[in-house]
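Visitor: Sequence below, structure please.
(chains A and B)
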There are 2 protein chains.
Amino acid sequence: MTAELIDGKAVAARVRQEVADGVAELVAQDGQAPGLATVLVGEDPASEVYVRNKRRACVAAGMVDLHRRLPGDASQQQIDEEIGRLAEDPGVSGILLQLPLPGHLDPDALIDRIPAGKDVDGLTAGNAGLLAQGRDGLRPCTPSGVARLLDEYAVPLAGAKVVVVGRSVLVGRPMAQLLLARDATVTLCHSRTKDLAAEAREAEVLVVAAGVPGLIGRESVRPGATVIDVGIHRTENGLRGDVRFAETRGVAGLLTPVPGGVGPMTIAMLLANTLQAARWQQNRTNELRSSQCSG
Amino acid sequence: MTAELIDGKAVAARVRQEVADGVAELVAQDGQAPGLATVLVGEDPASEVYVRNKRRACVAAGMVDLHRRLPGDASQQQIDEEIGRLAEDPGVSGILLQLPLPGHLDPDALIDRIPAGKDVDGLTAGNAGLLAQGRDGLRPCTPSGVARLLDEYAVPLAGAKVVVVGRSVLVGRPMAQLLLARDATVTLCHSRTKDLAAEAREAEVLVVAAGVPGLIGRESVRPGATVIDVGIHRTENGLRGDVRFAETRGVAGLLTPVPGGVGPMTIAMLLANTLQAARWQQNRTNELRSSQCSG
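Guide: Numbers count the residues shown, from 1 in each chain, chains lettered A, B, ... in the order given. Okay, the predicted model is just below:
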């Protein structure tokens, strides 16, 4: 058996086109394009690249690029005030605080300063709670990208046995919640799990977000399973994931490559979240207007 | 094999004594006892009983009973304003909005009006998010009561295979999070799970909160497992749980009876949360005072 590969680039391109269409519609309706405020503190070279890519994608989708840059020695209060201004600004649909922050700053407090409705990374406690309670909200981009890939490839999730490996706040935990919302029976595994291979082998759908290169191979995969690799590591032999690709391809039914699998979905879902945030803000503005007119 | 029984009454009494001691200490320190505001809307007879029991327990622990009663036809705005007043009142440590509310009200919006630091039921999106992200916060009372029972009986949880049956916002979902925080490998099962008995039989610790009388019996229990029954149903033969007690007792290693297992823990943990909330508020007040003096 050779697994079919999931084409993350193609799905991401489709999502980005959908977003561009949605932006055009929004502009036609009320003349204003969604605005994405990327906040970068300091000069971490990797963060510079990520933020540049996000800004380009935002412009390519017809949105307004509202970049804010602060020096690496900016104080907690300075960043807090900057986020406060963006929170108040009606031209700002989404706020993204690029992580990691310099070590002297408290990231949780700054993230929670972003209003839930503009938290396009889905990282505030408020949005995490809405997800945990099964209520509407903005979802973290990488796990919602995985969910979209599973939807696009019509992978059955209701009642399916799903195992998520890794319990990070950015990926593993929200991933488990998103799969639960699709009625999967979800097991969350992590570094303390006793027999990871045995747990993983039970999975009809296996999502690996452990951050450990090559952690998962054929011994951990049920024949025919769908395997999603969220890991991405720079190695001497190029980019590699948490899954040993070649051997797993001989066991799985459906598999994401690295690169070209989950990776392209993250920015696509960030754009989708920004459009969603802009639509909600538009609805609230319209409700407010109509209540003022009738009142 | 006959399972040892978990004595929820004894553990709850211990928690209540600890809380009473903590309250006495707080009063000795700053002269003010924690205050619990129970908000009851309408005249549902079951809710009346629950609220009365909470108020009595609160007084028995040395706390101030700050009950608020609103008529069954109170508007969303009236209750919103009442909660707003309690939120501002420094004498109020905890706010509990008794559920269910009359059908014309939006419970989520009213619950989210409670500041996270006074949300002693742990039901706001903010506290659900803090729990989901593994950060400090107030936890829902029933699942934290279960966690306390497991701690008291020294049930090993790190690396253990734990199955939670039921995904309610009040119990199943936060229960899974609390067990994850204790490093268990957690599977969350629900009505859409394909083979519940097979899943449950894998569990070293099985927590049943499905709300279905007698759902779980010996076919679903691994020999020697710890089984926690959160269900409580009034039947012709008295109170019954989600677990068929007599037959499960012959398989499990440790088991909660119904009544007298999880039940008594809920109010005990509500008191513990109210004390916790009061301590946090005291810390914040002291920090504020010291920063004003030094500034």
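Visitor: Where does the residue nearest to A:Val221 when sequence neighbours are not counted sit: helix, strand or coil?
Guide: Closest residue in space to A:Val221, ignoring its immediate chain neighbours: A:Val251 at 4.6 Å, by CB to CB, 6 or more residues apart in numbering or on different chains. For every residue, glycine as well, the C-beta is placed using N, CA and C. Using DSSP: H, G, I helix; E, B strand; the rest coil, the structure places A:Val251 in coil.
Visitor: confidence score at A:Leu288?
Guide: pLDDT for A:Leu288: 82.
Visitor: same for the host helix or strand of it, what does it pack against?
Guide: In this assignment (DSSP states H and E), A:Leu288 forms part of helix A:263-294. If you count contacts as 3 or more CB pairs under 8 Å, 6 or more residues apart in numbering or on different chains; DSSP states H and E, helix A:263-294 packs onto helix A:8-30, strand A:35-41, helix A:45-60, strand A:94-97, helix A:141-152.
Visitor: so which of those is the most packed in?
Guide: strand A:94-97 (a mean of 27; mean count of other CB atoms under 10 Å in any protein chain shown).
Visitor: Residue numbers of chain A in contact with chain B?
Guide: A:108, A:124-135, A:137, A:158-161, A:167, A:169, A:173-174, A:176-177, A:180, A:183, A:185-190, A:192-194, A:199 (CB under 8 Å from any CB of the partner chain).
Visitor: Out of the residues you listed, list just those in helices.
Guide: Counting by DSSP state H, the residues of chain A next to chain B place A:108, A:125-132, A:173-174, A:176-177, A:180, A:199 in helices.
Visitor: Any quick PyMOL command for the buried ones out of those?
Guide: In PyMOL syntax, the buried subset of these is picked out as below (16 or more other CB atoms under 10 Å in any protein chain shown):
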select buried, chain A and resi 125+126+127+128+129+130+131+132+173+174+176+177+180+199
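Visitor: Show me which pair in the ones in helices among the residues of chain A next to chain B is furthest apart.
Guide: A:Gly126 and A:Glu199 (31.6 Å; CB to CB).
Visitor: re the thing from before, between the ones in helices among the residues of chain A next to chain B, which is closest to A:Asn283?
Guide: A:Leu130 (16.8 Å).
Visitor: Distance of that closest one relative to B:Arg192?
Guide: 21 Å (CB to CB, to the nearest Å).
Visitor: again with A:Gly22
Guide: 31 Å.
Visitor: do the same with A:Lys194
Guide: For A:Lys194 relative to B:Arg192 (CB to CB), the value is 27 Å.
Visitor: thinking again about what came up before, next, format the helices and strands packed on helix A:263-294 as TSV and append mean pLDDT and distance to A:Gln282.
Guide: TSV is the format used below for the helices and strands packed on helix A:263-294 (pLDDT from 0 to 100; distance: least, CB to CB, whole Å):
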stretch	mean pLDDT	distance to A:Gln282
helix A:8-30	97	6
strand A:35-41	98	13
helix A:45-60	97	18
strand A:94-97	98	13
helix A:141-152	98	21
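Visitor: Now tabulate the ones you listed in CSV and tack on distance to B:Lys54.
Guide: Formatted as CSV, the helices and strands packed on helix A:263-294 follow (distance: least, CB to CB, whole Å):
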stretch, distance to B:Lys54
helix A:8-30, 48
strand A:35-41, 44
helix A:45-60, 49
strand A:94-97, 40
helix A:141-152, 38
